[in-house]
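1. model this:
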Amino acid sequence: MSSSDSTMAEQPARSSSSLSNIPVPQAARREAKASSGLPTRTAASNGASSGPSRLPAKSASKANVVLRATVASGSGSVSGSSRASTKPTGGLTLPRAPMVNRTNRPVAVGRVPSGMLPKGKVAVGPIRSAGSPGRGRISQDSNDSGRMEAIESRMTSMQDLFDMERRRTDDMMARAMKEREMQEEKVRQLEEDLLEQRRLATRRKEEATRRKSIAEDELQVITSKHNREKRMLEEELEQERSTVSALKATLAQQSTAHLTMESQHAALRTQIGSQKDEIQGLQGRIQELEAANRLLQNTSLHLESELREAESLRRKLHNEVQELRGNIRVFARVRPSVKNDANNSTSLASIRFPNEREANQIELLAMGESATGTATMRNHLFTFDRVFQPHTSQADVFEEVAHLTQSVLDGYNTCIFAYGQTGSGKTHTLEGGTELSLSTASDPSSDPHAGLIPRAVQMLWKTAEDLHDKGWRYDFEGQMLEIYNEGINDLLGKAEVDTAKHEIKHEKGRTIVTDTVVVPLDSPAKVFQLLAKAKSRRQTASTLMNERSSRSHSVFIVRVRGQNATTLESCDAVLSLVDLAGSERLSNSGSGSDPARLKEAQCINKSLSSLADVIAALGNSKQGQGHVPYRNSTLTWLLKNSLGGNSKTLMLLALSPMAEHLNESLCSLRFASKVNSTVIGTAKKVKGASSD
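-> Residues are numbered from 1 along each chain as shown. Got it, this is the predicted structure:
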């Protein structure tokens, strides 16, 4: 609680109990003494005897100002404005102020007639009436008590003024204290700022000292670097001086050499002039020789063209002669060495091709017995229609058999069958490599490994499209059969394993197999889809000769029907492509320990033996012996029309280059030579065949 609050709390106690302690103005005291008949003191004596005032100087002066404002000068009347100004702020009415003697004289007692006092005024001196002395005494006592009450009221008002002044003073002190605290806070803040400034100045000084140290270190480093560079530059300068000296010496030598070169240059100019004349003469000679060379090249190209035409004509005439003779044509092909051959570490057989120009001979060097029974090396020479060396590509092989494919569109039945031991390359020659994909099958020219079947199919469709402008319309149908253990399986059937019974019928020069699926072929891609399906169903097994040996004969048949609306011509021919099973002996195949493999090998050898018997009988039939045993095996009975003179037939003999297969290769070559000498008659064109 503040001092002003405590003062206000103690105010009632002081006003009631200690009124005697309140200082009274000297003028009021003198007035009271004068009314009571006591002598008054002068201002001097008043000031000397009153002693020090209990009020502060400032508060006393303010109280005197208030009293002077409320007391009338010499008359004892109080004005209305003074009355109003003496009202305290707390709502209290101040008593009338006593009259003050401003001249320090005793107050004169005036006589006022009874009942003539103004309203609100207080008589100062004793009022004496015209009555008896006793009544005047009573009137004087009542005036004194009224004055005392007025004095006490004034004193109370003065006390209120003092309290108000004290509160104001306390407020001023509080504000001063607050200002002081603010000033102290500001001083404290300034001191803190000063301290912070000092710290900043200290840090800046330390930073400046650090930077100065760093700058001195850098200056030292730069100075040392400068000195080092200076030394290096001095050394380089010294080296350059020595170099300049050496160059001066070299320049002197070069000057001498330059003079020598100038003399040589002049001599060379003279020589160049003579050489230019000679070159011009040689250039004229070169132009003459180039012209002669171009003429010779043109002549050589023309001769080569004529040679190729002559070779083509020779082959065509040879084929015509073979067709007129009616022989089964035989092409022999030796496969190249493959990875499996290198893994088995076997050596190559001695195979030669004597007539490379005609490319129709093959010679093998094999061990044999002489007439005396001693072992000796003998040469075995065989001649066929065409012999392909190991480096021959698939495209080159097909080029030789392309005319047979063309014969199918001309209305001739055509049969191409591949013969040879297991692993000699029969399936590769007919179908192509295992990496052949269906995406490239419609364009075999993009795949160098594509075999005869893909290329033949592509040629059939391409030639049929070319003949479209000439009025020909062709329809193609295909079927894929397998001869396994003397039974026929339909490789294009719905079931994975064909259990149906199929029969072979021959009608009007055509062969029909009952209960087999014949698929219309509308594009080469469809053909290769069928081939992939058939290949997955074909019977294969591992033998000593090959890891995946074909244990059956496969026959791919394409039937071609043509109609020309312009000439009213028609044709109906069949292209048969036969992949025979391996022709090795039982001992070489390793099938003796497995009954199933043994039966397969026996059936394969039986059918191939029957094929040899049929070919031998065909050769003898031209000499008057008529019976041909086609029914001895399912294979020969199926190929009756292809072998019996109503077809153009080609045998592809596949040979292994390995020395361990030399005996099998010799057996195959002997059989092929017998086939090549067999005359089956001239093929006949099939016209107007009715559809099934």
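2. counting contacts, what elements does the longest helix anywhere in the chain pack onto?
-> Assignment by DSSP state H gives helix 133-325 as the longest helix of the chain. Contact here means 3 or more CB pairs under 8 Å, 6 or more residues apart in numbering; DSSP states H and E; on that basis helix 133-325 packs against helix 3-17, helix 26-35, helix 57-70. No exception for glycine: its C-beta is placed from N, CA and C like everyone else's.
3. Show the subsequent helix or strand relative to it.
-> strand 329-334 (DSSP states H and E).
4. so for that next one, what's the average pLDDT?
-> For strand 329-334, the mean pLDDT works out to 93.
5. How about stretch 144-159?
-> On average, stretch 144-159 scores 91.
6. Off-centre distance for that stretch?
-> How far stretch 144-159 lies from its chain's middle: 110 Å, per CA atoms, centre = their mean, to the nearest Å.
7. Now do the buried residues in that stretch.
-> 147, 150-151, 153-159 (16 or more other CB atoms under 10 Å).
8. now, the most widely separated pair of those residues?
-> Maximum pairwise distance among the buried residues of stretch 144-159 (CB to CB): 18.2 Å, between Arg147 and Gln159.
9. Spit out the contact partners of Val513.
-> 479, 481, 488, 502-505, 638 (CB atoms under 8 Å, 6 or more residues apart in numbering).
10. swap the cut-off to 10 Å and go again
-> Contact analysis of Val513 by CB atoms under 10 Å, 6 or more residues apart in numbering lists 479, 481, 488, 490, 502-505, 555, 557, 638.
11. Ile453 too?
-> Ile453 touches 398, 416, 429-432, 441, 444, 527-528, 531, 556, 558, 575, 577, 579, counting by CB under 10 Å, 6+ apart.
12. Please list the members of those that lie in helices.
-> Reading helices off those with DSSP H, I get 398, 429-430, 527-528, 531.
13. Name the nearest of those residues relative to Glu185.
-> Among the ones in helices among the contacts of Ile453, and counting by CB to CB, the member closest to Glu185 is Phe528, at 103.9 Å.
14. and the closest one, how many residues sit next to it?
-> Here the number of neighbours of Phe528 (other CB atoms under 10 Å) works out to 25.
15. swap in the one 5 residues further on?
-> Applying other CB under 10 Å, we find 14 residues neighbouring Lys533.
16. what about the closest residue in space to it that isn't next to it in sequence, which SS state?
-> Sequence neighbours aside, Leu492 is the residue nearest to Lys533 in space, at 6.7 Å (criterion: CB to CB, 6 or more residues apart in numbering). Following DSSP: H, G, I helix; E, B strand; the rest coil, the label given to Leu492 is coil.
17. Can you name the residues that contact Lys606?
-> 485-486, 632-635.
18. Tell me where the stretch 401-550 of the chain is predicted with low confidence.
-> Scanning the stretch 401-550 of the chain for pLDDT under 70 picks out the ranges 434-445, 539-550.
19. Show me where it has its helices.
-> Taking DSSP state H, counting those that start in this stretch as the test, the helices found in the stretch 401-550 of the chain are 426-430, 452-466, 524-537.
20. how far does the first one sit from the chain's center?
-> By that I understand helix 426-430. Using CA atoms, centre = their mean, the offset of helix 426-430 from its chain centre is 45 Å.
21. now what about it, what contacts it?
-> Contacts to helix 426-430, defined as CB under 10 Å, 6+ apart, come from residues 331, 333, 335, 338, 388, 394, 397-398, 416-420, 433-434, 436, 449, 451-454, 456, 531, 535, 538, 540, 548, 550, 554, 556, 577-583, 652-654.
22. at 6 Å instead, please
-> By CB atoms under 6 Å, 6 or more residues apart in numbering, the surrounding residues in contact with helix 426-430 are 418, 420, 451-453, 579, 652, 654.
23. farthest-separated two in the residues you listed?
-> Gly420 and Ile453 (16.8 Å).
24. any idea which of the contacts of helix 426-430 is closest to Cys603?
-> Nearest to Cys603 among the contacts of helix 426-430, with distances taken as CB to CB, is Asp579, at 15.8 Å.
25. Can you tell me the element the residue lying closest to that closest one once chain neighbours are set aside falls in?
-> Spatial nearest neighbour of Asp579, excluding adjacent residues (CB to CB, 6+ apart): Ser554 at 4.6 Å. Ser554 is part of strand 553-564 when elements are defined by DSSP H and E.
26. for that strand, what is the average pLDDT?
-> Average pLDDT, strand 553-564: 91.
27. Quick one: list the elements packing against that strand.
-> When contacts are defined as 3 or more CB pairs under 6 Å, 6 or more residues apart in numbering; DSSP states H and E, strand 553-564 packs onto strand 472-484, strand 570-579.
28. Using TSV, please lay out those together with distance to Ala402.
-> Below are the helices and strands packed on strand 553-564 laid out as TSV (distance: least, CB to CB, whole Å):
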stretch	distance to Ala402
strand 472-484	17
strand 570-579	12
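29. Go through the ones you listed and name the closest to Gly411.
-> strand 570-579 (3.3 Å).
30. So what touches stretch 374-385?
-> Taking CB under 6 Å, 6+ apart as the rule, stretch 374-385 contacts 329-330, 332, 360-365, 367-368, 370, 669, 673, 676.
31. Greatest separation within those: which pair is it?
-> Across these, the longest distance by CB to CB is 34.5 Å; it joins Arg329 and Ser370.
32. and the two? which has more neighbours close in?
-> Neighbour totals were compared for Arg329 and Ser370, and Arg329 leads with 23 against 9 (other CB under 10 Å).
33. Look up how far Gly644 lies from the more buried one.
-> Remark: distance between Arg329 and Gly644 (CB to CB, to the nearest Å) = 16 Å.
34. for Ala257, same thing?
-> In terms of CB to CB, Ala257 sits 97 Å off from Gly644.
35. quick one: which of these two has more around it?
-> Per other CB under 10 Å, whichever of Ala257 and Gly644 has more neighbours is Gly644, with 18 against 11.
36. dump the residue contacts of that one.
-> Contact analysis of Gly644 by CB under 6 Å, 6+ apart lists nothing.
37. Next one, pLDDT for it please.
-> Reported pLDDT for Gly644: 71.
38. So which bits of stretch 390-399 are buried?
-> Within stretch 390-399, judged by 16+ other CB under 10 Å, the buried ones are 392, 394, 397-398.
39. Show me what the strand holding Ser554 is in contact with.
-> Contacts for strand 553-564 (CB under 6 Å, 6+ apart): 408, 471-475, 477-483, 538, 570-581, 635.
40. among those residues, which ones are buried?
-> With burial judged by 16+ other CB under 10 Å, the buried subset of those is 408, 472, 474, 477-483, 538, 571-581, 635.
41. nearest residue to His506 other than its sequence neighbours?
-> Using CB to CB, 6+ apart, the nearest residue to His506 is Lys640, at 6.0 Å.
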